[in-house]
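Chemist: just to be clear, the model below is a prediction. Sequence and coordinates:
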Amino acid sequence: MTNLETAPSQEVCPAGHPGQGPFVQLWPAREVPLGGVRAMNVSRTLPQRGMPTVGAWCFLDSFGPDRVAMSVLPHPHMGLQTVTWPLQGEVRHRDSVGSDVVVRPGQLNIMTAGRGISHSEFGVLPAGLHPDAPDGGALLPLSRGLQLWVALPDAVRHRAPSFQQIVDLPVVAADGFRGTVLVGEFAGERSPAIMYSPIVGVEISASGPIELPLNPEFEHAVLVLDGSAVIDGQEVDPGPLAFLGMGRESLHLDAAPGTRFMLLGGEPFEEDILMWWNFVGRTHEEVEQAREDWEAQALLNDEDARTGRFGWIHGHGPDAGAEAGRIPAPPMPGVQLKPRSRNRAAD
């Protein structure tokens, strides 16, 4: 899924620095109305003023559960990896490197944008159901999931784009919890996902008191999806992102029955990054050029677009009905960027 804000803000994300934590900070989510053919709302917990990243994780949206047919036309990305984790419903992903796959709950899509890629995402509907028909919305399957981005380090951010789907992820089962390892390594199990920074991402289902092994060199955060958890005496409910800082070799928490949460972590990302719309760069000029390149491709025929910076996606031509077209880039703000301070010290 793309960042469909009609007036996206520029995010200057200062480099991470070790030695912060451990502690528990709750960073509230903000509701973001997304445009597009069918509007939907998401709950965004990264980036935040004062906490732009957790390791190399730089963007975290939680959407649903809603009976909304996801309809995201072709749009570009640069300098990041998208991590798509559906919780309910199925999503068809198509991109400019030729991928055309359906991702389902328990499966993972990793798209590495590198110097530039474009993709589209559409909810998979039951045969014969049209979401705009009378009462069609009531019959739509529930859609729920997480969309995350990982900032690519400078050494690889100009690499060729690529895509990876993983349908069989490693699982850790222990007293009181079960974890699916999306990326990185956790409790001796390593995901086959190809990542370019030391990070970890695990979906954990738990009940009662549990202890999770952590890498003390990582900073970590927890996003509760269902239920609730008590961490260091503080109750964490669905909504806010609980940032845990660094220096923990393990995490003790008490989970209510039926609790499910995401554990994210990574080495502090020691590069300043600039995020705007669907681009992760380093300077205002770099991001502005990416925007201009995407808009210039709108004037190209299909054959020329194939060799353009962001490539071409099959199935979105003028005869594609509701799937025809592309998402134009919003205008850049008329101001230069100003750095935002990182404030992660415990209150």
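Modeler: Perfect, I can see it now.
Chemist: CA atoms for contacts and neighbours, from now on please.
Modeler: Noted.
Chemist: measure the most centrally placed residue in the chain to Gln48 for me?
Modeler: Closest residue to the average C-alpha location of the chain: Leu148 at 1.1 Å, with Cα atoms, centre = their mean. From Leu148 across to Gln48, the span is 14 Å (Cα to Cα, to the nearest Å).
Chemist: you'd agree Ser96 is up against Thr307?
Modeler: No. Between Ser96 and Thr307 there is no contact under Cα atoms under 8 Å: 10.0 Å.
Chemist: for stretch 64-74, buried residues please.
Modeler: Gly64, Asp66, Arg67, Val68, Ala69, Met70, Ser71, Val72, Leu73, Pro74 (16 or more other Cα atoms under 10 Å).
Chemist: against Leu214, how distant is the residue lying closest to Val200 once chain neighbours are set aside?
Modeler: Spatial nearest neighbour of Val200, excluding adjacent residues (Cα to Cα, 6 or more residues apart in numbering): Gly184 at 4.4 Å. Distance from Gly184 to Leu214, counting by Cα to Cα: 12 Å.
Chemist: how about Glu90?
Modeler: 32 Å.
Chemist: go on, Val102?
Modeler: Distance, Val102 to Leu214, using Cα to Cα: 32 Å.
Chemist: host element of Phe63?
Modeler: Assigning secondary structure by DSSP states H and E places Phe63 in strand 57-66.
Chemist: buried residues in that strand, which are they?
Modeler: For strand 57-66, by 16+ other Cα under 10 Å, it's Trp57, Cys58, Phe59, Leu60, Asp61, Ser62, Phe63, Gly64, Asp66.
Chemist: so which elements touch it?
Modeler: Applying 3 or more Cα pairs under 8 Å, 6 or more residues apart in numbering; DSSP states H and E, one finds that strand 57-66 contacts strand 40-46, strand 143-151, strand 250-266.
Chemist: turn the ones you listed into CSV, columns for mean pLDDT.
Modeler: Output for these, formatted as CSV (pLDDT from 0 to 100):
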stretch, mean pLDDT
strand 40-46, 90
strand 143-151, 96
strand 250-266, 98
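Chemist: any idea which of these is most buried?
Modeler: Burial of the helices and strands packed on strand 57-66 is given as mean neighbour count (mean count of other Cα atoms under 10 Å); strand 143-151 ranks first at a mean of 22.
Chemist: tell me the strands beside the helix or strand immediately after that strand in the chain, with direction?
Modeler: For strand 143-151, the following helix or strand on the C-terminal side (DSSP H and E) is strand 162-166. Its sheet considered, strand 162-166 pairs with strand 108-112 (antiparallel) by DSSP bridges.
Chemist: can you give the contact residues for the partner strand?
Modeler: Strand 108-112 is contacted from outside by 80-86, 103, 161-167, 182, 193, using Cα atoms under 8 Å, 6 or more residues apart in numbering.
Chemist: switch the cut-off to 7 Å
Modeler: With Cα atoms under 7 Å, 6 or more residues apart in numbering as the test, strand 108-112 has contacts from 80-85, 103, 161-167.
Chemist: ok so, going back, distance to Pro22 and pLDDT added to the buried residues of strand 57-66, as TSV?
Modeler: Compiled in TSV, the buried residues of strand 57-66 are given as follows (distance: Cα to Cα, whole Å; pLDDT from 0 to 100):
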residue	distance to Pro22	pLDDT
Trp57	18	98
Cys58	20	96
Phe59	22	97
Leu60	22	98
Asp61	25	97
Ser62	25	96
Phe63	29	94
Gly64	31	91
Asp66	36	90
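Chemist: which one of these sits closest to Arg248?
Modeler: The closest of the buried residues of strand 57-66 to Arg248 turns out to be Trp57 (Cα to Cα; 18.4 Å).
Chemist: how far away is Ser143 from Ala296?
Modeler: Ser143 is 33 Å from Ala296, by Cα to Cα.
Chemist: now Gln234
Modeler: Relative to Ala296, Gln234 is positioned 51 Å away (Cα to Cα).
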